[in-house]
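*Asks:* one predicted model, sequence on top.
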Amino acid sequence: MTADEALERLLRSYTQYYDVVREGVEPPFAAEARFHSHSEQYVLVKSARISEAESHEYVFFAVERELDEARLKLLDETAWSRGMERVRPYSAHKNTDVALIVLAERMTPEAETAVKKLKRSKSYRFGLHGWSNYRVIALEVPSGRLACNRMGRSLRKLLRNISN
């Protein structure tokens, strides 16, 4: 399986809950997935609102022939900055998470080590207006070798299923 074929399988799995965008996605990404959730709690009528919460997630997909440390740094900075541009913290904002998924034909050992060390997070008004976490995972498609940061561990099962 090639990285492009793996991307197609991965995007199909995201379409159930996310809005997947392929057209108009700016390089270096091949696709993007967006998730938005708004929940409210109220008593008897909607005007008697007790609480509300908004959650957002932006997933950036990159397909690379060879993932080295320099390319990973570019993808990392671009994904985080594009995700942070979309954050609108206010009292009902719970979280806006950003994820970077890299599908590569070949991943250098240096890049694999660098993925594991990536760590970004941000809180807004000491967490009262929410927070942002960052998940990163890279898959070397032909071998099935995975590398992820601590927050990206939740994506391992999904990518293992894609590579099989």
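*Replies:* Yep, it's here. Residues are numbered from 1 along each chain as shown.

*Asks:* how close does the residue nearest to R22 when sequence neighbours are not counted get to C148?
*Replies:* Sequence neighbours aside, A31 is the residue nearest to R22 in space, at 4.8 Å (criterion: C-beta to C-beta, 6 or more residues apart in numbering). Every C-beta, even on glycine, is put in place using the N, C-alpha and C of the backbone. Per C-beta to C-beta, to the nearest Å, A31 is found 19 Å from C148.

*Asks:* also V98?
*Replies:* 14 Å.

*Asks:* these two - which one has more neighbours?
*Replies:* Neighbour count, other C-beta atoms under 10 Å: between V98 and C148, V98 has more, with 26 against 21.

*Asks:* bridging residues for the more buried one?
*Replies:* Y58, Y134 (DSSP bridges).

*Asks:* where does Y17 fall, secondary structure wise?
*Replies:* Using DSSP states H and E, Y17 sits in no helix or strand.

*Asks:* neighbours of the spatially closest residue to it that is not a sequence neighbour, just the number please.
*Replies:* Excluding the flanking residues, the one nearest Y17 by C-beta to C-beta, 6+ apart is F35, at 6.2 Å. Neighbour count for F35, taken as other C-beta under 10 Å: 15.

*Asks:* give me the pLDDT value at F35.
*Replies:* pLDDT recorded at F35 is 96.

*Asks:* what does the one 4 residues further on give?
*Replies:* Looking at S39, its pLDDT is 88.

*Asks:* so it belongs to a helix, correct?
*Replies:* No - secondary structure of S39 (DSSP: H, G, I helix; E, B strand; the rest coil): strand, not part of a helix.

*Asks:* OK, contacts around it?
*Replies:* 52-53 (C-beta atoms under 8 Å, 6 or more residues apart in numbering).

*Asks:* tell me how far it lies from R12.
*Replies:* Taking C-beta to C-beta as the criterion, S39 is separated from R12 by 27 Å.

*Asks:* list the buried residues in the helix or strand that contains L74.
*Replies:* For L74, the element it lies in under DSSP H and E is helix 69-85. By neighbour count on 16 or more other C-beta atoms under 10 Å, the buried set for helix 69-85 is 71-72, 75-76, 78-80, 83.

*Asks:* alright, calling it a day.
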